[in-house]
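A.B. asks: from the sequence below, what's the structure:
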Amino acid sequence: MATHEITATPPTRDPGDGLRAAFADSPLGLYVHVPFCASTCDFCAFYQTTPTRAGVETYLANVRRELALVRWRRPVDTVFWGGGTPGLLAPDDLAELGETVLAACGGAPAEWSVELAPASVTDARLAVLLRLGVTRVSLGVQSFDPGLLDGLGRQHTREQVFRAYERVRAAGFASVNLDLMFALPGQDEAAWLADLRQAVALAPDHLSTYCLTFEEDTRLWVKLSGGKVKLDPALEARLYERTWDELEAAGYAQYEVSNFARPGHVCAHNLNTWRMHEWVGVGPSAAGQHDGWRGANPADLERWGEGLAKGERMGEDRVALSPGLLLEDALVFGLRLNQGVDLGAMLARFPQVDGAEEPRATLERLAAQGLLEPGSPVEGVAGFPRLTRRGRLLADAVGAELIGLLS
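C.D. replies: Next up, the predicted model:
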């Protein structure tokens with residue numbers, strides 16, 4: 001296991017010291033942001049840049065540099081490569097990045113996910129990922145409809161999706177996810193159900209179905225602001241519910257508002273994040289929660305590298321973790337899980353939190369409004385308050401009710 005120490009001057013107060021017990025038995029994740037994209041999709045607000053040979057080489061060197069700055073206190077359990085488009089890296093570059101990650105993790109993680117765009121999938125890239133020990137591939141399909149793909153600015157075709165999926169399956173990865181989006185401009189209920197049923201026909205192990213959000217400064221945001229596309233909340237709600245019913249009937253268990261899996265194929269990395277465990281974020285714009293701090297790297301390849309050269313990382317939106325903040329966020333994100341939240345376990349994990357009655361009173365009020373299951377024992381410390389079906393439709397609003405109660 002790596003034993004590198006941060007070379008920058010440590011903070012006067014280390015908030016991690018007061019949270020050792022809360023994270024003692026927690027899994028540790030590693031998120032690696034690969035920022036390279038051939039083009040920008042109309043809906044995407046993630047940081048990305050066009051790859052050049054010099055840029056890729058600098059990126060790989062800076063990933064090594066950043067990993068060497070992390071204080072590793074235990075082995076890494078899960079790894080997730082997102083983007084950008086990790087699959088744009090050449091096979092040799094994928095191998096170099098993977099070997100760098102393995103050296104930092106102290107060995108192969110239990111789960112290793114990599115996001116791939118269908119157009120970037122090749123047998124050579126898949127062979128490298130499989131050899132490294134990648135267990136899970138997530139294909140960014142979004143839609144099978146050529147017109148809808150064009151409206152999103154996606155650079156792949158329906159046929160490329162099928163070829164990519166066949167190659168991934170033939171390679172033998174343990175788990176395959178498909179990402180889909182609904183409530184797209186020009187997409188009615190019939191078109192969404194056609195996409196959903198086509199995905200189910202491929203029999204992936206996991207499906208992520210996201211309602212389109214209009215992120216500021218994207219092309220779709222500009223179209224929305226100019227009245228060229230419009231929101232339809234009633235249609236969005238109907239598509240959410242049809243999705244839940246269709247996938248349940250097809251044998252996929254919903255475990256989070258937008259995520260469904262066959263038995264044994266939930267995404268452990270995302271679950272650990274939603275449960276407010278620790279994860280290290282590496283790469284430009286990557287966010288992390290580790291060693292007492294939460295923060296993000298600059299969303300700029302050059303500025304990220306300049307900070308690392310000075311021994312600095314995760315300086316954007318940097319905040320010291322506290323038991324109250326972690327408990328509050330564990331409630332907000334935990335309620336998005338179909339399992340709900342174990343109040344007793346949470347309070348035992350963060351026993352030093354003052355004002356724990358505040359969220360309990362809010363949960364009782366939400367239950368009275370029909371947003372939590374009537375049988376959820378929110379009056380006591382035991383039990384698993386869970387969102388009702390209506391509550392899942394309003395999960396963001398429910399979460400907003402809990403923000404600020406403890407932090």
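A.B. asks: what bits of this protein have low per-residue confidence?
C.D. replies: Residues of the chain that meet the criterion pLDDT under 70 lie in 1-18, 38-48, 151, 153-154, 213-231, 356, 374-383, 407.
A.B. asks: middle-most residue in it, spatially?
C.D. replies: What sits nearest the mean C-alpha location of the chain, by CA atoms, centre = their mean, is Asn270, with 5.5 Å.
A.B. asks: same for the strand or helix carrying that residue, what does it pack against?
C.D. replies: Assigned by DSSP states H and E, Asn270 belongs to helix 268-274. Using 3 or more CB pairs under 8 Å, 6 or more residues apart in numbering; DSSP states H and E, the elements in contact with helix 268-274 are strand 28-34, strand 78-83, strand 111-116, strand 253-256, strand 278-282, helix 323-334. Every C-beta, even on glycine, is put in place using the N, C-alpha and C of the backbone.
A.B. asks: let's see that with 7 Å instead.
C.D. replies: strand 28-34, strand 78-83, strand 111-116 (3 or more CB pairs under 7 Å, 6 or more residues apart in numbering; DSSP states H and E).
A.B. asks: contacts for the helix or strand following the last one, please.
C.D. replies: I take that to be strand 111-116. Once the chain leaves strand 111-116, the next helix or strand it forms, by DSSP H and E, is helix 123-132. Contact with helix 123-132 is made by Gly87, Pro91, Leu94, Ala95, Gly98, Leu102, Val114, Arg167, Val168, Ala171, Gly172, Phe173, as judged by CB atoms under 7 Å, 6 or more residues apart in numbering.
A.B. asks: chain center to helix 123-132, what's the gap?
C.D. replies: Taking CA atoms, centre = their mean, to the nearest Å, the mean C-alpha location of helix 123-132 is offset from the chain mean by 23 Å.
A.B. asks: from the contact counts, what lies against the helix or strand following that helix?
C.D. replies: Elements were assigned by DSSP H and E; along the chain past helix 123-132, the next helix or strand is strand 136-142. With contacts defined as 3+ CB pairs under 7 Å, 6+ apart, the packing partners of strand 136-142 are strand 111-116, helix 158-171, strand 175-182.
A.B. asks: just checking, Phe384 touches Asp342?
C.D. replies: Yes: between Phe384 and Asp342 there is a contact at 5.6 Å, judged by CB atoms under 7 Å.
A.B. asks: do you know how far Gly87 is from Leu116?
C.D. replies: Note on Gly87: its distance to Leu116, by CB to CB, to the nearest Å, is 4 Å.
A.B. asks: repeat for Glu312
C.D. replies: According to CB to CB, Glu312 stands 31 Å off from Leu116.
A.B. asks: more neighbours: those two, which one.
C.D. replies: Comparing Glu312 with Leu116 by other CB atoms under 10 Å, the one with more neighbours is Leu116, at 24 against 18.
A.B. asks: identify the bridge partners of that one.
C.D. replies: Following DSSP bridges, Leu116 is listed with bridge partners Leu139.
A.B. asks: ok, Cys211 next?
C.D. replies: Cys211 has these beta-bridge partners by DSSP bridges: Phe182.
A.B. asks: verify the stated contact: it with Ala237.
C.D. replies: No: if you go by CB under 7 Å, Cys211 and Ala237 don't touch, sitting 9.4 Å apart.
A.B. asks: ok, back up a step: which outside residues touch the helix holding Asn270?
C.D. replies: So helix 268-274 is in contact with Pro27, Gly29, Thr78, Phe80, Glu111, Ser113, Trp279, Phe333, Gly334, Arg336, Leu337, going by CB under 7 Å, 6+ apart.
A.B. asks: hmm, try it at 10 Å
C.D. replies: Outside of helix 268-274, the residues within contact range by CB atoms under 10 Å, 6 or more residues apart in numbering are 26-31, 77-80, 109-113, 135-136, 208, 255-256, 259, 267, 277-279, 287, 289, 329-330, 332-337, 339.
A.B. asks: give me the buried entries from these.
C.D. replies: 26-31, 77-80, 109, 111-113, 135-136, 208, 255-256, 259, 267, 277-279, 287, 289, 329-330, 332-337 (16 or more other CB atoms under 10 Å).
A.B. asks: what ranges do the helices span in the stretch 251-400 of the chain?
C.D. replies: Along the stretch 251-400 of the chain, counting by DSSP state H, counting those that start in this stretch, helices occupy 268-274, 301-309, 323-334, 343-349, 357-368, 389-393, 395-402.
A.B. asks: Glu57: which of those helices is closest?
C.D. replies: Across these, Glu57 has its closest neighbour in helix 301-309 (11.5 Å, CB to CB).
A.B. asks: show me how the record splits this structure into domains.
C.D. replies: With domains defined by automatic domain parsing, the chain comprises 17-273, 323-407.
A.B. asks: okay, these in CSV with distance to Glu302 next?
C.D. replies: Formatted as CSV, those follow (distance: least, CB to CB, whole Å):
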stretch, distance to Glu302
domain 17-273, 9
domain 323-407, 31
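A.B. asks: still on that earlier bit, common neighbours of Phe384 and Asp342, please.
C.D. replies: With CB under 10 Å, 6+ apart, Phe384 and Asp342 have common neighbours Gly334.
A.B. asks: re earlier: mind putting the helices and strands packed on helix 268-274 in JSON lines, distance to Leu202 included?
C.D. replies: Supplementary listing: those in JSON lines, determined by distance: least, CB to CB, whole Å:
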{"stretch": "strand 28-34", "distance to Leu202": "25"}
{"stretch": "strand 78-83", "distance to Leu202": "22"}
{"stretch": "strand 111-116", "distance to Leu202": "15"}
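A.B. asks: what is the nearest of the contacts of helix 123-132 to Pro51?
C.D. replies: Relative to Pro51, and with distances defined as CB to CB, the nearest of the contacts of helix 123-132 is Gly87, at 11.3 Å.
A.B. asks: sorry, back to before: any chance of the helices and strands packed on strand 136-142 in TSV, plus distance to Leu405?
C.D. replies: Listed next are the helices and strands packed on strand 136-142 as TSV, based on distance: least, CB to CB, whole Å:
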stretch	distance to Leu405
strand 111-116	32
helix 158-171	43
strand 175-182	32
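A.B. asks: determine which stretch of these is the most buried.
C.D. replies: Compared across those, strand 111-116 shows the largest average neighbour count, a mean of 24 (mean count of other CB atoms under 10 Å).
A.B. asks: helices or strands next to that one in the packing?
C.D. replies: Packing partners of strand 111-116 (3 or more CB pairs under 10 Å, 6 or more residues apart in numbering; DSSP states H and E): strand 28-34, strand 78-83, helix 91-105, helix 123-132, strand 136-142, helix 158-171, strand 175-182, helix 268-274.
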